[in-house]
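>>> Just to be clear, the model below is a prediction. Sequence and coordinates:
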Amino acid sequence: MLDNFKTDELEDQSVKYISGKKNVLVTGGAGFLGSNLCEILVRNNNVICVDNYLTGQESNIDHLLQLPNFKFIKHDISEPLDLNESREAQTFKVEFQGIQEIYHAASPTHFDDNQKYPLETSLANSLGTKNVLDWAVKHKGKVVIFSTSLVYGNLYGEQSIDETMMGITDPLGPRNCYIEGKRYAESLVDNYQIRYGLDTKIARIFNTYGPKMRASDNILIPYFIDQALKNEPIEIKGTGEEMFSACYISDILDGILKLMASDERGPINLGSDNKVKLSDLAKKIVEISGSTSVINYATSNEMTITRNIPNIALAKNKLEWMPVISLENGLRETIEDFKLSQKRVKTFSQI
């Protein structure tokens, strides 16, 4: 599905660059969002990918490493890095041309990762964001920060979240490193914009799925797919009537690129406002994968996840953006990617 992604309209062909192409930097570029973004950007730009492989995977970018306009820097984003001294960055004459765009996606994202790497998560979103913004000041680049719907906190059953809403979060809660980290990152971006006049943008990203998700991710769609491909029972914590929404990766990245190309600062919600019952989601995955999995239901005290459904009116109006990939087509692509990953693992284990 990403093979059909069009970026021509986002390219400014009238600008001539010393290196021949626009210089673009992606932090967290070996992760789920970052690596898929790198695949799109590398078609028309020089791409510098920064990742420390804490939760990102080298296999996500292996096929890009051979390209002359893609360079990888293994680095912890929370530590200082002088791009002018970087051999990889020098390839694209960064010291003369600067960096035109920075996409800051570096951070452990999922619950289990946040529990395993709480300090690393906090630092990626605090010191890491500061380092990114300092690069933008020095190299005169535009910045998009990948934030999260979780900054809205607990909205007590609100079913459509717009950018003006503010819920309650626990600064000492189980995911404080991620949620408070993202809130701080947004605040830092705002203050850098005020002080330095940077062209900064904030994308609040809601549930996203697609190729390169890890089967080990303890979130709904990867869990449902993994269980279905194993023909094992799928457990839904609740009645199955709870509503859920998720946006396919290519749609999210289309929104990110349109935000970068726009004059909007955000925050802007990016996600799908099409809801589906959890029971129907599980059934659809079982059907598409040809699985024999049964679906079980367990009592849950968790709050309804309808609060994670975005209002995307602002993105529609300001960016002329909306999701176009249907849930069924997105699931088919994601399931096929999971199958290929399983084959690669099985082949490797037999070597």
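Received, thanks. Numbering: from 1, shown residues only.

>>> the strands in this structure, which residues?
Assigned by DSSP state E, the strands in the chain fall at 23-27, 46-51, 70-74, 101-104, 142-148, 200-205, 208-209, 234-237, 243-244, 247-248, 268-270, 276-277, 295-298.

>>> so of those strands, which one's packed in deepest?
Of all the strands of the chain, strand 46-51 carries the top mean neighbour count, a mean of 28, counting by mean count of other CB atoms under 10 Å. C-beta: built from backbone N, CA, C; applies to glycine.

>>> quick one: strands adjacent to that strand?
When sheet partners are counted by DSSP bridges, strand 46-51 sits next to strand 23-27 (parallel), strand 70-74 (parallel).

>>> Tabulate those (JSON lines), appending distance to S122 and mean pLDDT.
Output for the strands paired with strand 46-51, formatted as JSON lines (distance: least, CB to CB, whole Å; pLDDT from 0 to 100):
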{"stretch": "strand 23-27", "distance to S122": "16", "mean pLDDT": "97"}
{"stretch": "strand 70-74", "distance to S122": "21", "mean pLDDT": "97"}
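
>>> now those strands in a markdown table, with distance to E241?
Below are these laid out as a markdown table (distance: least, CB to CB, whole Å):
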| stretch | distance to E241 |
| --- | --- |
| strand 23-27 | 39 |
| strand 70-74 | 45 |
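
>>> Among those strands, which comes closest to F111?
The closest of these to F111 is strand 23-27. By CB to CB, the value is 21.2 Å.

>>> Which residues does the closest one contact?
17, 34, 37-38, 41, 45-51, 77, 83, 92, 94, 97-106, 128, 132, 135, 141 (CB atoms under 8 Å, 6 or more residues apart in numbering).

>>> if we can go back for a sec, and R332, which of the strands of the chain is closest to it?
With CB to CB as the measure, strand 247-248 is the member of the strands of the chain nearest R332 (10.4 Å).

>>> What mean pLDDT does that closest one get?
For strand 247-248, mean pLDDT rounds to 96.

>>> Partner strands of it, with direction?
Taking DSSP bridges as the criterion, strand 247-248 sits next to strand 208-209 (parallel) in its sheet.

>>> can you give me the helices for the stretch 151-300 of the chain?
For the stretch 151-300 of the chain, the helices defined by DSSP state H, counting those that start in this stretch cover 176-196, 220-229, 249-261, 278-289.

>>> angle of the first one against strand 142-148?
Right, helix 176-196. Helix 176-196 runs at 150 degrees relative to strand 142-148, counting by axes from the mean of the first three to the mean of the last three CA atoms, to 10 degrees.

>>> when you give positions from now on, start the count at 27
Got it, first residue is 27 now, which makes that one helix 202-222.

>>> Return the distance of helix 202-222 from the chain's centre.
17 Å (CA atoms, centre = their mean, to the nearest Å).

>>> do the shortest one as well
The offset between the C-alpha centroid of helix 246-255 and the centroid of the whole chain comes to 19 Å, using CA atoms, centre = their mean.

>>> Contacts for it next, please.
Outside helix 246-255, the residues that touch it by CB under 8 Å, 6+ apart are 233, 235, 239-243, 259-260, 270, 272, 304, 307-308, 311-312, 315, 317, 319, 357, 360-361, 364-365, 368.

>>> between it and helix 304-315, what angle do the directions make?
Using the same axes, to 10 degrees: helix 246-255 against helix 304-315 is 50 degrees.

>>> How about the third one?
Angle between the axes of helix 275-287 and helix 304-315 is 110 degrees (criterion: the same axes, to 10 degrees).

>>> What helices and strands are in contact with helix 275-287?
helix 58-67, strand 127-130, strand 168-174, strand 226-231, strand 234-235, strand 294-296, helix 339-345 (3 or more CB pairs under 8 Å, 6 or more residues apart in numbering; DSSP states H and E).

>>> what's the answer for the last one, then?
Other elements packing on helix 304-315 under the criterion 3+ CB pairs under 8 Å, 6+ apart are helix 246-255, strand 260-263, strand 269-270, strand 321-324, helix 353-376.

>>> Mind listing residues that contact that helix?
Applying CB under 8 Å, 6+ apart, the set of residues contacting helix 304-315 is 246-247, 250-251, 254-255, 260, 262, 264, 266-270, 302, 317, 319, 321, 353-354, 357-358, 361.

>>> Can you select the buried ones from these in PyMOL?
PyMOL command restricting the contacts of helix 304-315 to the buried ones, with burial defined by 16 or more other CB atoms under 10 Å:
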select buried, resi 246+247+250+251+254+255+260+262+264+266+268+269+270+317+319+321+353+357+361
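
>>> sorry, back to before: same list (the helices of the stretch 177-326 of the chain) but as a markdown table, adding distance to K342.
Converted to a markdown table, the helices of the stretch 177-326 of the chain look like this (distance: least, CB to CB, whole Å):
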| stretch | distance to K342 |
| --- | --- |
| helix 202-222 | 22 |
| helix 246-255 | 24 |
| helix 275-287 | 10 |
| helix 304-315 | 24 |
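
>>> All set, thanks.
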